[in-house]
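K.L.:
just to be clear, the model below is a prediction. Sequence and coordinates:
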Amino acid sequence: MDVRLIERPMVDASAWAALARGGSFFQTLAWADVCAAGIGPQARSVFLCGFEGDGLWAGLPAVITRRLGQRSFFSMPYGTYGGILFAPEVGAERRREFVLRLNDFLRAERFAQVEITDFEGSLAGGSAYPLVRVALSTHVIPLSAEAEYHPPDKKIEGHLRTGRKTGAEIVAVEQDTLDDFYELYRRTEVRHGRKKPRYHRRMFEQVWRLLSGTGMLYWNGLLVEGRLAGSQISFIFGETLFSWQTVSDYDLRQYKPNHLLLDDAIRYGLGRGVRRVNLGGSPEGAAGLREYKERWGGQAVMYDAYSYRSRWHRLVRR
């Protein structure tokens, strides 16, 4: 078995696309490119790849960042799904072997921080490196090709009827709308208790620049008399639509932007052959948000996240 760390420019794009076909959007080259460019010059995307002959049979996508001379390893950044991708024919023994090689790599590189969000359970039972496992959950709406989608909760249907009566317009967000979007994003972050926005404006610029026209991005907005009342960024990959970012103007909440935009994204996804909508995780203690997702038909799905922080990292983060 040959396991090597491959820098992004040297990755065989067609081989990786074939490997990632059964995985998540967040394990694609496209998302790795967005993250590296969105984080900035201190970040680079890498791929730990397992080869059998000339064939790529396993791989873990990651972004390595550098701060104050120390490096961090994320698969993938911001808690988006990473973990190991395996070719369908790879058996349990070879999977365990690759996990051991991953452990050796992490131990040798001595990263100050490691985070692996393992939605598919590729590390289950095999993470020997001193990683701390935490169980997380998301909410997924199953969709049917045969039946028209309707939210199961009458209150959601009521909010949708209210929003539709206002005459607000759902539009595609264009590049010249990014300033308005980021202002809404910044205000939404403050409303949710964040002192500093999680994402720099550059991150959304790269989402637009690298994903527009790929068929993987659906970015809609709600206009009220020419004013952006809300916006939602969704990613489509395979049969899954992932609702990634939702922002809104609290002063225009009577127009029901969050409800209208999610309903629009779900219906767009159905037209693209989507069979599930991942509504994303909810912060700890956000019982109201979890209830909101359940009202749309979201079902809780558990997954694991693994992390390691060196003593240096714990000290500087105090």
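P.N.:
Now that the structure is in, tell me what you want to look at. On a predicted model such as this, the values are computed, not experimentally measured, just so you know.

K.L.:
can you pull out the helices in this structure?
P.N.:
With DSSP state H, the ranges of helices along the chain come out as 13-20, 29-39, 92-109, 154-165, 178-191, 201-211, 257-271, 287-295, 311-316.

K.L.:
and the contacts of the second one?
P.N.:
Residues from elsewhere that reach helix 29-39, judged by C-beta atoms under 8 Å, 6 or more residues apart in numbering: 8, 11, 13, 16-17, 20, 25, 43-45, 47, 61, 63, 65, 76-78, 80, 199-200, 202-207, 209-211, 214, 216, 235. For glycine as for every other residue, the C-beta is placed from the backbone atoms N, C-alpha and C.

K.L.:
pull out the buried residues from these.
P.N.:
The neighbour count (16 or more other C-beta atoms under 10 Å) marks 8, 11, 16, 20, 25, 43-45, 47, 61, 63, 65, 76-78, 80, 199, 203-207, 210-211, 216, 235 as buried among these.

K.L.:
poorly predicted segments of this protein, please.
P.N.:
125-128, 314-318 (pLDDT under 70).

K.L.:
give the contact list for the residue nearest the centre of it.
P.N.:
The chain has Thr80 as the residue nearest its centroid, 3.9 Å off, counting by C-alpha atoms, centre = their mean. By C-beta under 8 Å, 6+ apart, Thr80 lies in contact with 26, 31, 35, 117.

K.L.:
and if you look at Arg21?
P.N.:
Counting by C-beta under 8 Å, 6+ apart, Arg21 has contacts Gly238.

K.L.:
start at 559 instead
P.N.:
All right, first residue 559 from here; so that's Arg579.

K.L.:
that one and Leu643: what is the separation?
P.N.:
Separation of Arg579 from Leu643 (C-beta to C-beta, to the nearest Å) stands at 9 Å.

K.L.:
returning to what we had before: can I get the helices of the chain in JSON lines including distance to Ala693?
P.N.:
What follows is the helices of the chain, written out as JSON lines (distance: least, C-beta to C-beta, whole Å):
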{"stretch": "helix 571-578", "distance to Ala693": "25"}
{"stretch": "helix 587-597", "distance to Ala693": "23"}
{"stretch": "helix 650-667", "distance to Ala693": "19"}
{"stretch": "helix 712-723", "distance to Ala693": "28"}
{"stretch": "helix 736-749", "distance to Ala693": "26"}
{"stretch": "helix 759-769", "distance to Ala693": "27"}
{"stretch": "helix 815-829", "distance to Ala693": "26"}
{"stretch": "helix 845-853", "distance to Ala693": "15"}
{"stretch": "helix 869-874", "distance to Ala693": "22"}
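
K.L.:
these two touch, right, Ile728 and Gly779?
P.N.:
Yes - assessed by C-beta atoms under 8 Å, Ile728 is found in contact with Gly779 at 7.3 Å.

K.L.:
find residues that contact each of the two.
P.N.:
Leu819.

K.L.:
more crowded one of those two?
P.N.:
Gly779 (24 against 19; other C-beta atoms under 10 Å).

K.L.:
in contact with that one, which residues?
P.N.:
Gly779 sits next to 728-731, 735, 739, 786, 788-790, 819 when contact means C-beta under 8 Å, 6+ apart.

K.L.:
with adjacent residues omitted, what lies nearest to Arg562?
P.N.:
Cys607 (5.8 Å; C-beta to C-beta, 6 or more residues apart in numbering).

K.L.:
please read the previous query as pertaining to Lys814.
P.N.:
Using C-beta to C-beta, 6+ apart and skipping the chain neighbours, the partner closest in space to Lys814 is Gly721 (3.2 Å).

K.L.:
that neighbour and Leu818 touch, don't they?
P.N.:
Yes - here Gly721 reaches Leu818: they are 4.5 Å apart, a contact under C-beta under 8 Å.

K.L.:
just checking, Ile564 touches Phe609?
P.N.:
No - look at Ile564 against Phe609 with C-beta under 8 Å: they stay out of range, at 9.7 Å.

K.L.:
so Pro619 touches Gly640, yeah?
P.N.:
Yes - the pair Pro619 and Gly640 qualifies as a contact (C-beta under 8 Å) at a distance of 6.0 Å.

K.L.:
what do those two both touch?
P.N.:
When contacts are counted by C-beta under 8 Å, 6+ apart, Pro619 and Gly640 have 585, 633-634 as shared neighbours.
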